[in-house]
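Undergrad: Here is a sequence with its predicted model. Questions after.
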Amino acid sequence: MNVFFIRLVVGALLLDPVMSSGSGKHSLWVLASYISGPTQFPEFTAVVMLDDIQVRYYDSQINQLTRVGGGAEKGAGLDLGQEGAFILQEIFSNLRKRLNLVKDQMNLTAAGVHVQQRITGCELLPGGQPAFIMFRDGANGQDADSLQYNTTHFAYAAAASWGFSFEAMKQTYLQALYANIYLPFCARALRHLLDREKHVVMRRVRPRVRLMTKQVVGGARLTCLATDFYPRHINLTLQRDGVPVDADRLSGGSVLPNGNGLYQVRKALTIDGEELRRKHVYTCTAAHLSLDNRLDVRWRAESLRTHRVHVLSVPAVLVVAAALLMVLLWRRGAGSEAVTMETDEQTITDPQ
(Lines give C-alpha, C1' and ligand atoms only; values in the text may rest on other atoms or scores of the structure.)
Protein backbone atom coordinates (compact mmCIF):
# COMPACT_ATOMS: atom_id res chain seq x y z
CA MET A 1 0.00 0.00 0.00
CA ASN A 2 1.72 3.20 -1.12
CA VAL A 3 1.18 6.85 -0.22
CA PHE A 4 -1.94 7.20 -2.41
CA PHE A 5 -3.77 4.38 -0.60
CA ILE A 6 -2.46 5.40 2.82
CA ARG A 7 -3.80 8.93 2.31
CA LEU A 8 -7.22 7.67 1.21
CA VAL A 9 -7.64 4.99 3.86
CA VAL A 10 -6.29 7.02 6.79
CA GLY A 11 -8.44 9.97 5.75
CA ALA A 12 -11.51 7.73 5.63
CA LEU A 13 -10.73 6.19 9.03
CA LEU A 14 -10.22 9.54 10.72
CA LEU A 15 -13.04 11.49 9.09
CA ASP A 16 -15.69 9.07 7.80
CA PRO A 17 -17.81 7.04 10.24
CA VAL A 18 -18.77 4.68 7.40
CA MET A 19 -15.51 2.78 7.88
CA SER A 20 -16.60 1.30 11.20
CA SER A 21 -19.56 -0.64 12.47
CA GLY A 22 -19.68 1.68 15.49
CA SER A 23 -21.82 4.15 13.53
CA GLY A 24 -24.49 1.57 12.62
CA LYS A 25 -23.46 1.82 8.96
CA HIS A 26 -21.33 -0.77 7.17
CA SER A 27 -19.08 -0.46 4.17
CA LEU A 28 -17.24 -2.65 1.67
CA TRP A 29 -14.05 -1.39 0.00
CA VAL A 30 -11.75 -2.80 -2.66
CA LEU A 31 -8.20 -1.42 -2.85
CA ALA A 32 -6.80 -2.43 -6.23
CA SER A 33 -3.37 -1.89 -7.83
CA TYR A 34 -2.11 -2.53 -11.34
CA ILE A 35 1.68 -2.41 -11.90
CA SER A 36 3.46 -2.25 -15.24
CA GLY A 37 7.18 -2.84 -15.50
CA PRO A 38 9.64 -5.29 -13.93
CA THR A 39 8.88 -5.87 -10.23
CA GLN A 40 8.65 -8.82 -7.84
CA PHE A 41 4.97 -8.02 -7.19
CA PRO A 42 1.92 -9.48 -8.95
CA GLU A 43 0.68 -7.45 -11.90
CA PHE A 44 -2.72 -6.95 -10.25
CA THR A 45 -3.71 -7.12 -6.57
CA ALA A 46 -6.95 -6.36 -4.72
CA VAL A 47 -7.59 -6.12 -0.97
CA VAL A 48 -11.20 -6.37 0.26
CA MET A 49 -12.05 -4.39 3.41
CA LEU A 50 -15.24 -4.93 5.39
CA ASP A 51 -15.65 -1.73 7.42
CA ASP A 52 -12.09 -1.35 8.70
CA ILE A 53 -11.14 -5.06 8.66
CA GLN A 54 -9.28 -6.76 5.79
CA VAL A 55 -11.27 -9.90 4.96
CA ARG A 56 -10.21 -11.02 1.44
CA TYR A 57 -7.22 -10.81 -0.89
CA TYR A 58 -6.85 -11.43 -4.63
CA ASP A 59 -3.94 -11.21 -7.06
CA SER A 60 -3.35 -12.15 -10.69
CA GLN A 61 -0.78 -14.85 -9.81
CA ILE A 62 -2.94 -17.02 -7.56
CA ASN A 63 -6.11 -16.00 -9.46
CA GLN A 64 -8.44 -16.71 -6.56
CA LEU A 65 -10.03 -14.81 -3.72
CA THR A 66 -8.28 -15.74 -0.47
CA ARG A 67 -9.84 -15.42 2.95
CA VAL A 68 -7.55 -13.48 5.26
CA GLY A 69 -6.54 -15.68 8.17
CA GLY A 70 -6.53 -18.94 6.23
CA GLY A 71 -8.53 -20.77 3.61
CA ALA A 72 -9.14 -19.91 -0.01
CA GLU A 73 -12.45 -19.22 -1.70
CA LYS A 74 -12.81 -18.70 -5.40
CA GLY A 75 -15.22 -16.05 -6.63
CA ALA A 76 -18.14 -18.49 -6.62
CA GLY A 77 -17.32 -19.34 -3.00
CA LEU A 78 -18.88 -16.05 -2.00
CA ASP A 79 -22.26 -17.28 -3.33
CA LEU A 80 -22.31 -14.38 -5.81
CA GLY A 81 -22.13 -16.42 -9.02
CA GLN A 82 -19.86 -15.08 -11.75
CA GLU A 83 -20.49 -11.44 -10.89
CA GLY A 84 -17.65 -11.24 -8.37
CA ALA A 85 -15.08 -12.74 -10.73
CA PHE A 86 -16.35 -10.56 -13.59
CA ILE A 87 -16.05 -7.33 -11.58
CA LEU A 88 -12.51 -8.15 -10.41
CA GLN A 89 -11.50 -8.85 -14.00
CA GLU A 90 -13.23 -5.65 -15.13
CA ILE A 91 -11.24 -3.62 -12.55
CA PHE A 92 -8.04 -5.35 -13.70
CA SER A 93 -8.72 -4.56 -17.37
CA ASN A 94 -9.87 -1.00 -16.68
CA LEU A 95 -6.79 -0.11 -14.59
CA ARG A 96 -4.47 -1.48 -17.28
CA LYS A 97 -6.28 0.54 -19.97
CA ARG A 98 -6.19 3.70 -17.87
CA LEU A 99 -2.47 3.36 -17.14
CA ASN A 100 -1.75 3.08 -20.85
CA LEU A 101 -3.69 6.31 -21.40
CA VAL A 102 -1.73 8.01 -18.63
CA LYS A 103 1.60 6.93 -20.10
CA ASP A 104 0.60 8.28 -23.50
CA GLN A 105 -0.68 11.54 -22.06
CA MET A 106 2.32 12.15 -19.78
CA ASN A 107 4.92 10.83 -22.25
CA LEU A 108 6.13 8.28 -19.71
CA THR A 109 8.67 5.71 -20.79
CA ALA A 110 7.24 2.25 -21.25
CA ALA A 111 10.35 0.68 -19.69
CA GLY A 112 9.80 2.17 -16.22
CA VAL A 113 7.65 0.95 -13.35
CA HIS A 114 4.24 2.66 -13.19
CA VAL A 115 1.23 2.08 -10.93
CA GLN A 116 -2.48 2.66 -11.45
CA GLN A 117 -4.63 2.33 -8.31
CA ARG A 118 -8.27 2.46 -7.34
CA ILE A 119 -10.31 2.52 -4.17
CA THR A 120 -13.93 1.61 -4.78
CA GLY A 121 -16.78 0.53 -2.55
CA CYS A 122 -20.24 1.05 -1.15
CA GLU A 123 -22.04 1.58 2.14
CA LEU A 124 -25.26 0.36 3.73
CA LEU A 125 -27.44 2.40 6.04
CA PRO A 126 -28.27 1.05 9.54
CA GLY A 127 -31.45 -0.48 8.13
CA GLY A 128 -29.46 -2.43 5.54
CA GLN A 129 -30.45 -0.33 2.50
CA PRO A 130 -27.72 0.61 -0.01
CA ALA A 131 -26.94 4.31 0.04
CA PHE A 132 -23.68 5.10 -1.71
CA ILE A 133 -21.06 3.76 -4.13
CA MET A 134 -17.88 5.38 -5.42
CA PHE A 135 -14.49 4.94 -7.02
CA ARG A 136 -11.38 7.09 -6.92
CA ASP A 137 -8.36 6.53 -9.16
CA GLY A 138 -4.73 7.56 -8.96
CA ALA A 139 -1.70 7.09 -11.19
CA ASN A 140 1.86 7.00 -9.83
CA GLY A 141 0.59 8.28 -6.50
CA GLN A 142 -1.37 11.26 -7.85
CA ASP A 143 -5.15 11.70 -7.88
CA ALA A 144 -6.72 11.25 -11.32
CA ASP A 145 -10.53 11.15 -11.15
CA SER A 146 -13.44 10.04 -8.99
CA LEU A 147 -17.09 9.08 -9.28
CA GLN A 148 -19.84 9.02 -6.66
CA TYR A 149 -23.40 7.75 -6.95
CA ASN A 150 -26.19 7.52 -4.41
CA THR A 151 -29.93 7.22 -4.75
CA THR A 152 -30.35 10.96 -5.27
CA HIS A 153 -27.46 12.17 -7.42
CA PHE A 154 -24.48 11.22 -9.59
CA ALA A 155 -21.18 13.14 -9.58
CA TYR A 156 -17.97 12.76 -11.57
CA ALA A 157 -14.78 14.82 -11.13
CA ALA A 158 -11.35 14.73 -12.79
CA ALA A 159 -8.12 16.41 -11.76
CA ALA A 160 -7.30 19.38 -13.98
CA SER A 161 -3.95 17.90 -14.99
CA TRP A 162 -5.47 14.65 -16.31
CA GLY A 163 -7.20 14.04 -19.62
CA PHE A 164 -10.09 11.97 -18.28
CA SER A 165 -13.49 13.41 -19.11
CA PHE A 166 -16.90 12.00 -20.00
CA GLU A 167 -19.47 13.59 -22.26
CA ALA A 168 -23.14 13.66 -21.25
CA MET A 169 -23.94 10.36 -23.00
CA LYS A 170 -21.09 8.56 -21.23
CA GLN A 171 -22.13 9.94 -17.88
CA THR A 172 -25.72 8.77 -18.44
CA TYR A 173 -24.41 5.28 -19.24
CA LEU A 174 -22.21 5.23 -16.10
CA GLN A 175 -25.09 6.37 -13.92
CA ALA A 176 -27.27 3.51 -15.20
CA LEU A 177 -24.36 1.05 -14.75
CA TYR A 178 -23.75 2.04 -11.13
CA ALA A 179 -27.44 2.24 -10.26
CA ASN A 180 -28.50 -1.09 -11.78
CA ILE A 181 -25.41 -3.32 -11.56
CA TYR A 182 -22.57 -2.12 -9.35
CA LEU A 183 -24.50 -0.78 -6.34
CA PRO A 184 -26.89 -3.78 -6.06
CA PHE A 185 -23.98 -6.22 -6.45
CA CYS A 186 -21.85 -4.40 -3.88
CA ALA A 187 -24.77 -4.33 -1.44
CA ARG A 188 -25.29 -8.10 -1.81
CA ALA A 189 -21.57 -8.78 -1.33
CA LEU A 190 -21.54 -6.53 1.74
CA ARG A 191 -24.52 -8.27 3.34
CA HIS A 192 -22.97 -11.67 2.60
CA LEU A 193 -19.61 -10.74 4.13
CA LEU A 194 -21.32 -9.21 7.16
CA ASP A 195 -23.01 -12.54 7.77
CA ARG A 196 -19.71 -14.42 7.28
CA GLU A 197 -17.55 -12.07 9.36
CA LYS A 198 -20.00 -10.76 11.96
CA HIS A 199 -17.92 -12.30 14.77
CA VAL A 200 -15.17 -9.83 13.78
CA VAL A 201 -16.99 -6.64 12.79
CA MET A 202 -19.80 -6.91 15.35
CA ARG A 203 -17.51 -7.58 18.33
CA ARG A 204 -17.21 -5.23 21.28
CA VAL A 205 -13.84 -5.02 23.03
CA ARG A 206 -13.60 -2.89 26.18
CA PRO A 207 -10.86 -0.26 26.29
CA ARG A 208 -8.12 -0.30 28.91
CA VAL A 209 -7.86 3.25 30.28
CA ARG A 210 -4.86 4.64 32.16
CA LEU A 211 -3.59 7.98 33.42
CA MET A 212 0.19 8.27 33.25
CA THR A 213 2.37 11.04 34.66
CA LYS A 214 5.91 11.99 33.80
CA GLN A 215 8.03 14.75 35.33
CA VAL A 216 9.27 17.30 32.80
CA VAL A 217 11.22 20.52 33.16
CA GLY A 218 9.13 22.96 35.19
CA GLY A 219 6.18 20.64 35.74
CA ALA A 220 4.64 17.33 34.69
CA ARG A 221 3.06 15.72 31.66
CA LEU A 222 -0.26 13.93 32.15
CA THR A 223 -1.33 11.39 29.51
CA CYS A 224 -4.81 9.90 29.21
CA LEU A 225 -4.55 6.61 27.28
CA ALA A 226 -7.23 4.23 26.03
CA THR A 227 -6.01 1.13 24.24
CA ASP A 228 -7.09 -2.28 22.88
CA PHE A 229 -10.71 -1.40 22.03
CA TYR A 230 -13.09 -2.12 19.13
CA PRO A 231 -14.91 -0.65 17.28
CA ARG A 232 -12.78 2.42 16.74
CA HIS A 233 -15.37 5.02 17.77
CA ILE A 234 -14.62 6.28 21.27
CA ASN A 235 -15.12 9.49 23.24
CA LEU A 236 -12.06 10.19 25.38
CA THR A 237 -12.06 13.33 27.55
CA LEU A 238 -9.69 14.81 30.13
CA GLN A 239 -11.23 16.89 32.92
CA ARG A 240 -9.81 19.07 35.69
CA ASP A 241 -12.00 19.23 38.79
CA GLY A 242 -14.94 18.05 36.69
CA VAL A 243 -14.49 20.64 33.91
CA PRO A 244 -13.20 19.55 30.45
CA VAL A 245 -9.70 20.80 29.71
CA ASP A 246 -9.57 23.21 26.75
CA ALA A 247 -8.83 21.37 23.52
CA ASP A 248 -6.04 23.77 22.59
CA ARG A 249 -4.08 22.67 25.67
CA LEU A 250 -4.20 18.99 24.68
CA SER A 251 -2.01 17.13 22.22
CA GLY A 252 -2.90 13.90 20.44
CA GLY A 253 -6.47 12.68 20.06
CA SER A 254 -6.23 10.70 16.81
CA VAL A 255 -7.53 7.13 16.93
CA LEU A 256 -4.75 4.85 15.65
CA PRO A 257 -4.54 1.11 14.91
CA ASN A 258 -2.80 -1.01 17.52
CA GLY A 259 -1.48 -3.54 15.00
CA ASN A 260 -3.63 -6.34 16.50
CA GLY A 261 -7.00 -5.42 14.96
CA LEU A 262 -7.78 -3.10 17.89
CA TYR A 263 -7.29 0.64 18.39
CA GLN A 264 -5.70 3.17 20.71
CA VAL A 265 -5.99 6.89 21.40
CA ARG A 266 -4.22 9.24 23.79
CA LYS A 267 -4.51 12.84 24.92
CA ALA A 268 -1.73 14.61 26.80
CA LEU A 269 -1.62 17.74 28.97
CA THR A 270 1.42 19.62 30.25
CA ILE A 271 1.00 20.97 33.80
CA ASP A 272 3.32 23.67 35.20
CA GLY A 273 4.55 23.87 38.79
CA GLU A 274 2.00 26.48 39.85
CA GLU A 275 -0.88 24.30 38.64
CA LEU A 276 0.58 21.29 40.43
CA ARG A 277 0.68 23.17 43.72
CA ARG A 278 -3.07 23.77 43.48
CA LYS A 279 -3.60 20.00 43.69
CA HIS A 280 -6.40 19.73 41.14
CA VAL A 281 -8.11 16.39 40.46
CA TYR A 282 -7.76 15.21 36.86
CA THR A 283 -10.14 12.63 35.38
CA CYS A 284 -9.70 10.59 32.21
CA THR A 285 -13.13 9.48 30.94
CA ALA A 286 -13.88 6.97 28.17
CA ALA A 287 -17.30 6.38 26.58
CA HIS A 288 -17.46 3.37 24.23
CA LEU A 289 -20.03 0.96 22.80
CA SER A 290 -18.56 -1.88 24.88
CA LEU A 291 -19.23 -0.02 28.15
CA ASP A 292 -22.56 0.22 29.96
CA ASN A 293 -21.36 3.37 31.69
CA ARG A 294 -18.48 5.77 31.35
CA LEU A 295 -15.09 4.56 32.54
CA ASP A 296 -13.30 7.09 34.79
CA VAL A 297 -9.69 7.12 36.02
CA ARG A 298 -8.65 9.90 38.43
CA TRP A 299 -5.37 11.43 39.56
CA ARG A 300 -4.73 14.16 42.14
CA ALA A 301 -1.84 16.47 41.43
CA GLU A 302 0.85 16.82 44.10
CA SER A 303 3.32 19.63 44.65
CA LEU A 304 6.24 19.55 42.27
CA ARG A 305 9.39 18.04 43.71
CA THR A 306 12.50 19.29 41.97
CA HIS A 307 15.72 17.35 41.93
CA ARG A 308 18.70 19.64 41.66
CA VAL A 309 22.35 18.63 41.31
CA HIS A 310 24.54 21.03 43.32
CA VAL A 311 27.99 21.69 41.87
CA LEU A 312 30.58 22.21 44.63
CA SER A 313 33.69 24.33 44.27
CA VAL A 314 37.14 22.79 44.74
CA PRO A 315 37.68 24.26 48.29
CA ALA A 316 34.27 23.01 49.34
CA VAL A 317 35.09 19.54 48.06
CA LEU A 318 38.31 19.53 50.10
CA VAL A 319 36.44 20.59 53.26
CA VAL A 320 33.82 17.84 52.75
CA ALA A 321 36.57 15.25 52.16
CA ALA A 322 38.38 16.29 55.35
CA ALA A 323 35.17 16.04 57.37
CA LEU A 324 34.47 12.55 56.03
CA LEU A 325 38.03 11.47 56.88
CA MET A 326 37.63 12.69 60.47
CA VAL A 327 34.35 10.77 60.81
CA LEU A 328 35.96 7.57 59.55
CA LEU A 329 38.91 7.95 61.98
CA TRP A 330 36.53 8.61 64.88
CA ARG A 331 34.46 5.48 64.09
CA ARG A 332 37.60 3.37 63.91
CA GLY A 333 38.69 4.67 67.32
CA ALA A 334 35.27 4.02 68.80
CA GLY A 335 35.39 0.46 67.50
CA SER A 336 38.77 -0.20 69.18
CA GLU A 337 37.20 0.66 72.56
CA ALA A 338 34.50 -1.99 71.96
CA VAL A 339 31.69 0.48 72.50
CA THR A 340 28.39 -0.52 70.83
CA MET A 341 26.10 2.30 69.73
CA GLU A 342 22.43 1.79 68.80
CA THR A 343 20.49 4.22 66.61
CA ASP A 344 16.78 4.61 66.03
CA GLU A 345 15.76 4.72 62.38
CA GLN A 346 12.93 7.09 61.56
CA THR A 347 11.00 7.62 58.40
CA ILE A 348 10.66 11.30 57.54
CA THR A 349 7.68 12.21 55.39
CA ASP A 350 7.94 15.17 53.04
CA PRO A 351 5.31 17.61 54.29
CA GLN A 352 4.63 18.49 50.71
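TA: Looks like it came in fine.
Undergrad: which other residues reach stretch 179-198?
TA: For stretch 179-198, the surrounding residues in contact (Cβ atoms under 8 Å, 6 or more residues apart in numbering) are 26-28, 48, 50, 53, 55-56, 78-80, 83-84, 87, 121-122, 124, 128, 130, 133, 149, 201. Quick note: C-beta positions are derived from backbone N, CA and C, even for glycine.
Undergrad: again, only this time at 7 Å
TA: For stretch 179-198, the surrounding residues in contact (Cβ atoms under 7 Å, 6 or more residues apart in numbering) are 26, 28, 50, 53, 55, 78-80, 83-84, 87, 121-122, 124, 128, 130, 133, 149, 201.
Undergrad: buried set for it?
TA: If you call a residue buried by 16 or more other Cβ atoms under 10 Å, then stretch 179-198 has these buried ones: 182-183, 185-190, 193-194, 196-197.
Undergrad: And stretch 42-56, by the same measure?
TA: For stretch 42-56, burial by neighbour count (16+ other Cβ under 10 Å) applies to 42-53, 55-56.
Undergrad: Give me the below-cutoff pLDDT ranges for the chain.
TA: Per-residue confidence for the chain (pLDDT under 70) gives these ranges: 1-23, 69-82, 110, 161-165, 302-321, 327, 329-352.
Undergrad: Find the residue at the geometric middle of it.
TA: Most central residue of the chain, judged by C-alpha distance to the mean C-alpha position with Cα atoms, centre = their mean, is Leu256 at 2.6 Å.
Undergrad: So which of the contacts of stretch 179-198 belong to strands?
TA: Helix and strand membership here follows DSSP state E; of these, those in strands are 26, 28, 50, 53, 55, 121-122, 124, 130, 133, 149.
Undergrad: Generate a ChimeraX selection restricted to the buried entries among the contacts of stretch 179-198.
TA: The following ChimeraX selection, which keeps only the buried ones among those, applies the criterion 16+ other Cβ under 10 Å:
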select :26,28,50,53,55,78,80,83,84,87,121,122,124,130,133,149,201
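Undergrad: so how far is stretch 174-184 off the chain centroid?
TA: How far stretch 174-184 lies from its chain's middle: 32 Å, per Cα atoms, centre = their mean, to the nearest Å.
Undergrad: out of the ones in strands among the contacts of stretch 179-198, who's nearest Phe229?
TA: Proximity of the ones in strands among the contacts of stretch 179-198 to Phe229, judged by Cβ to Cβ, is greatest for Ile53, which lies at 14.4 Å.
Undergrad: For the closest one, give its distance to Asp272.
TA: In this view, Ile53 and Asp272 are 43 Å apart by Cβ to Cβ, to the nearest Å.
Undergrad: mind giving me the domain split of this protein?
TA: 3-201, 208-300 (automatic domain parsing).
Undergrad: Relative to Leu325, which of those is closest?
TA: With distances scored as Cβ to Cβ, the stretch of the domains of the chain nearest to Leu325 is domain 208-300 (36.3 Å).
Undergrad: Tyr58 - how many residues pack around it?
TA: Here the neighbour count serves as a burial measure; for Tyr58 (other Cβ atoms under 10 Å) it reads 25.
Undergrad: what does Phe154 give?
TA: By other Cβ under 10 Å, the residues close to Phe154 number 15.
Undergrad: going forward, begin numbering at 458 instead of 1
TA: New numbering, starting at 458: the last item is Phe611.
Undergrad: circling back: could you dump the ones in strands among the contacts of stretch 636-655 into JSON lines with distance to Ala633 added?
TA: Formatted as JSON lines, the entries for these read as follows, by distance: Cβ to Cβ, whole Å:
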{"residue": "His483", "distance to Ala633": "25"}
{"residue": "Leu485", "distance to Ala633": "21"}
{"residue": "Leu507", "distance to Ala633": "27"}
{"residue": "Ile510", "distance to Ala633": "32"}
{"residue": "Val512", "distance to Ala633": "29"}
{"residue": "Gly578", "distance to Ala633": "20"}
{"residue": "Cys579", "distance to Ala633": "16"}
{"residue": "Leu581", "distance to Ala633": "21"}
{"residue": "Pro587", "distance to Ala633": "16"}
{"residue": "Ile590", "distance to Ala633": "13"}
{"residue": "Tyr606", "distance to Ala633": "10"}
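Undergrad: from these, which is closest to Gln562?
TA: Within the set of these, Tyr606 lies nearest Gln562; the separation is 25.8 Å, counting by Cβ to Cβ.
Undergrad: residues touching that closest one, list them.
TA: If a contact means Cβ under 7 Å, 6+ apart, then Tyr606 has 590, 632, 635-636, 640 as its contacts.
Undergrad: does Thr496 really touch His571, like I thought?
TA: No. Proximity of Thr496 to His571 does not meet the contact threshold set by Cβ atoms under 7 Å, at 10.4 Å.
Undergrad: Ile576 and Leu748, how far apart?
TA: From Ile576 across to Leu748, the span is 33 Å (Cβ to Cβ).
Undergrad: cool, and Arg755?
TA: Distance from Arg755 to Leu748, by Cβ to Cβ: 17 Å.
Undergrad: And Arg734, by the same measure?
TA: Separation of Arg734 from Leu748 (Cβ to Cβ): 34 Å.
Undergrad: Fine by me, we can end here.
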